[in-house]
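# how would this look folded up:
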Amino acid sequence: MRASLLQVAVNEDEPVESRRRRVADMVRDQAGADLVVLPELWTTGAFAYEEFGSEAEPLDGPTREAMAKAASDAGVWLHAGSVPERGPDGTLYNTSLVLSPSGDLAAAYRKIHRFGFDQGEAVLMGAGDRLVTVRLPHTTLGVATCYDLRFPELFRGLVDAGAETLVVPAGWPERRRSHWTLLARARAVENQAFVLACGTAGTHAGVPQAGHSVVVDPWGEVLAEAGPGEEVLTVDFDPATVAGTRERFPALKDRVLGLDRPRR
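Predicted structure coming up:
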């Protein structure tokens, strides 16, 4: 299976519509890949809080339209990163879109863990309330977004739902880059799954981005890692490795907490 992570540079000088067209062309250039992944909030920037409201769009808005056409043109599964979604009742969400090779919407995931504590995304956006998996021909994706990476119980839930490849688009800041790689590897090891973590480059509202998108195998080995700038990170991996790893080292079968707890 071939995956391409598009580490898009998000800079304030580029209008959103221009970036949307540019990224659509980047997706089209990945014809031949099985899966293409975009970062979190690449239309606005993950820290551009003042832009969330003005750039929010419905699920069938301009980003989905442009990315659906690009996915169809390239014939790829596309995790189109996330967009600021305006729900039917006006609530904003940080919502990821997964599109099929025909351009159809296969899934939408509203980010559950919102970053910012008592400011930014945490107060401007609503929280999602359900886990999302997507069945591809060769693997089942578990979908999470950025700050979700710090909450292992979410990923365990995705594994319980059948996920074998965990996809994490992000707008992760450069000042916490060491956490980014560490947590991606931890989620891979503890869940015996591939992790495809796609970040952004550039600067979001004055916050330098980490870049360094990474693909990690079920043993925690880094298969490929990007640098700090805009880059396309492409890697071939065998999804069957997940089942083999879980069979040879069946740690998941020894779980107790979170399932049926032992009696005292």
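
# Going by C-alpha atoms from here, please, whenever you check contacts or count neighbours.
OK.

# Tell me which stretches of the stretch 51-200 of the chain form strands.
All strands of the stretch 51-200 of the chain, identified by DSSP state E, counting those that start in this stretch, fall at 77-86, 92-99, 105-110, 132-135, 140-143, 165-169, 194-198.

# Can you tell me the strand partners of the fifth one and which way each runs?
Under the criterion DSSP bridges, strand 140-143 sits next to strand 132-135 (antiparallel), strand 165-169 (parallel) in its sheet.

# next one: the second one
Sheet partners assigned to strand 92-99 using DSSP bridges are listed as strand 77-86 (antiparallel), strand 105-110 (antiparallel).

# of all these, which lies closest to Thr200?
With respect to Thr200, and counting by Cα to Cα, the nearest of those is strand 77-86 at 10.4 Å.

# tell me the angle the closest one makes with strand 194-198.
Strand 77-86 and strand 194-198 are oriented at 50 degrees to each other (axes from the mean of the first three to the mean of the last three Cα atoms, to 10 degrees).

# what sits up against strand 77-86?
Contacting residues not belonging to strand 77-86 are listed as 34-44, 52-53, 55-59, 63-64, 67, 71, 92-101, 169 [Cα atoms under 8 Å, 6 or more residues apart in numbering].

# Pull the contacting residues for the closest residue to Ala108 other than its chain neighbours.
In space, Ala108 comes closest to Leu97 once its chain neighbours are excluded; the distance is 4.7 Å by Cα to Cα, 6 or more residues apart in numbering. Residues in contact with Leu97, defined by Cα under 8 Å, 6+ apart, are Arg64, His79, Ala80, Gly81, Ser82, Leu105, Ala106, Ala107, Ala108, Tyr109.

# now those residues: which count as buried?
With neighbours counted by 16 or more other Cα atoms under 10 Å, the contacts of Leu97 contain buried members at Arg64, His79, Ala80, Gly81, Ser82, Leu105, Ala106, Ala107, Ala108, Tyr109.

# Now pLDDT too, for those, in a markdown table please.
Formatted as a markdown table, the entries for the buried ones among the contacts of Leu97 read as follows, by pLDDT from 0 to 100:
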| residue | pLDDT |
| --- | --- |
| Arg64 | 98 |
| His79 | 98 |
| Ala80 | 98 |
| Gly81 | 98 |
| Ser82 | 98 |
| Leu105 | 98 |
| Ala106 | 98 |
| Ala107 | 98 |
| Ala108 | 98 |
| Tyr109 | 98 |
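
# one step back: quick check: of the contacts of Leu97, which lies closest to Leu182?
Sorting the contacts of Leu97 by how near they are to Leu182, with Cα to Cα, puts Gly81 at the top with 21.3 Å.

# circling back to that earlier point, please tabulate the strands paired with strand 92-99 in CSV, including the columns distance to Asp129.
Output for these, formatted as CSV (distance: least, Cα to Cα, whole Å):
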stretch, distance to Asp129
strand 77-86, 15
strand 105-110, 8
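
# Okay, buried residues for the top helix by length along the chain please.
Counting by DSSP state H, the longest helix found in the chain is helix 177-191. Of the residues in helix 177-191, those buried by neighbour count under the rule 16+ other Cα under 10 Å are Trp180, Thr181, Ala184, Arg185, Ala186, Arg187, Ala188, Val189, Glu190, Asn191.

# From Arg177, how far off is the residue nearest to the second one when sequence neighbours are not counted?
So the one you mean is Thr181. Using Cα to Cα, 6+ apart and skipping residues adjacent in sequence, the residue nearest Thr181 is Val214, 7.3 Å away. Using Cα to Cα, to the nearest Å, we find Val214 at a distance of 12 Å from Arg177.
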